[in-house]
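Visitor: One predicted model, sequence on top.
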Amino acid sequence: MKSLKFLAFAFVGALSSASFATIYNDSTGDVVVPGSPFPHLDITSVEVTNTSLSLKIKINLNGDPVATDWGKYMVAIDSAAGGDTSGNGWARPISMSSGMDTWLAGWANSGNGLENRKYTGSWNLAGATYNSTPGLSVSKDSSSYTMNVLLADIGVTLGSSFRFDVCTSGGGNGDGAVDALSNASPQISNWGDQSNLGGLSYTTVVPEPGSLLALSLGLVALLKRKK
């Protein structure tokens, strides 16, 4: 009986870790603020992946956020009616006309970090890596910056759609979005310019029947070996 329970838990664990990715491409060389080029702020593509429990957003960059670590990497999410149409969780000159209700905002310096801020009439901190929020994490390498967050913590369930945009910015509190995934042209020409983000669509996916079948067959094989 204990073996059966262990195998059942292993099956559920394997199911929750099955992931499916969508890639969104962006033009390069479109960061034109004073002092450019800043390749570590220049988005080349974004890979959005979900499991049954979590969402991963990998921001691929034209430069190295390890060697030059003062960049800020942000994701605006509109997953519910309403939302903030004129601002964001960091009070930067960045907005989303459809109304953002989640603001994932990360930094590459000081050992990396990520905040999840939620809008419910005003912006509040809902989680942070420095608070050890479950499921919230961030990592970087020489060409990318990656965020992980639980679906439940951004108001999303399996099979549901949400609108989002990804942008980069500088270290100043008044800096705007110098590059945005939804915009193939330069987003702003000066650091403090107001920026309105677009609205790309992502639908969380459930494990495909083939994946479920493969996992089921694996469980059956394990059960047979236990007999």
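Guide: Received it, and whenever you're ready, just let me know what you need.
Visitor: who does the residue most central in space within the chain bridge with?
Guide: By CA atoms, centre = their mean, the mean C-alpha position of the chain lies nearest to Ile57, the distance being 3.3 Å. Ile57 has these beta-bridge partners by DSSP bridges: Val48, Met147.
Visitor: So it is in contact with Val166, correct?
Guide: Yes: using CB atoms under 8 Å, Ile57 makes contact with Val166 at a distance of 6.9 Å. Using the backbone N, CA and C atoms, a C-beta is placed for each residue, glycine as well.
Visitor: Need the overlap of contacts for those two.
Guide: 46, 75 (CB atoms under 8 Å, 6 or more residues apart in numbering).
Visitor: ok, which stretches of the chain are strands?
Guide: Secondary structure of the chain (DSSP state E): strands located at 20-25, 43-50, 54-61, 72-78, 94-96, 102-107, 113-119, 123-128, 137-141, 144-150, 161-169, 179-180, 195-197, 200-203.
Visitor: Pull the contacting residues for the nearest residue to Asp78 once chain neighbours are set aside.
Guide: The shortest distance from Asp78 to any non-neighbouring residue, by CB to CB, 6 or more residues apart in numbering, is to Arg163 (4.3 Å). Counting by CB under 8 Å, 6+ apart, Arg163 makes contact with 77-79, 98, 199-202.
Visitor: Which entries within the residues you listed meet the buried criterion?
Guide: Buried residues within the contacts of Arg163, defined by neighbour count using 16 or more other CB atoms under 10 Å: 77-79, 98, 199-200, 202.
Visitor: Among the residues you listed, which has the minimum pLDDT value?
Guide: pLDDT across the buried ones among the contacts of Arg163 is at its lowest for Gly199, which sits at 90.
Visitor: okay, and the helix or strand of the chain with the least pLDDT?
Guide: The weakest-scoring helix or strand in the chain, judged by mean pLDDT, DSSP states H and E, is helix 2-17 (a mean of 43).
Visitor: okay, now the nearest residue to Pro134 once chain neighbours are set aside: neighbour count?
Guide: Nearest-residue entry for Pro134: Leu150, 7.0 Å, with adjacent residues in sequence omitted and distances by CB to CB, 6+ apart. Counted with other CB atoms under 10 Å, the neighbours of Leu150 add up to 16.
Visitor: now do the one 4 residues further on
Guide: Residue crowding around Ile154 was assessed by other CB under 10 Å; the count is 22.
Visitor: which residues touch it?
Guide: 55, 77, 79, 102, 104, 116, 162.
Visitor: hang on, the fifth one packs against Gly113?
Guide: No: using CB under 8 Å, Leu104 makes no contact with Gly113, being 11.4 Å away.
Visitor: Same drill for the two, tell me which one is more crowded.
Guide: Neighbour tally, Leu104 and Gly113, criterion other CB under 10 Å: the higher count belongs to Leu104, 26 against 15.
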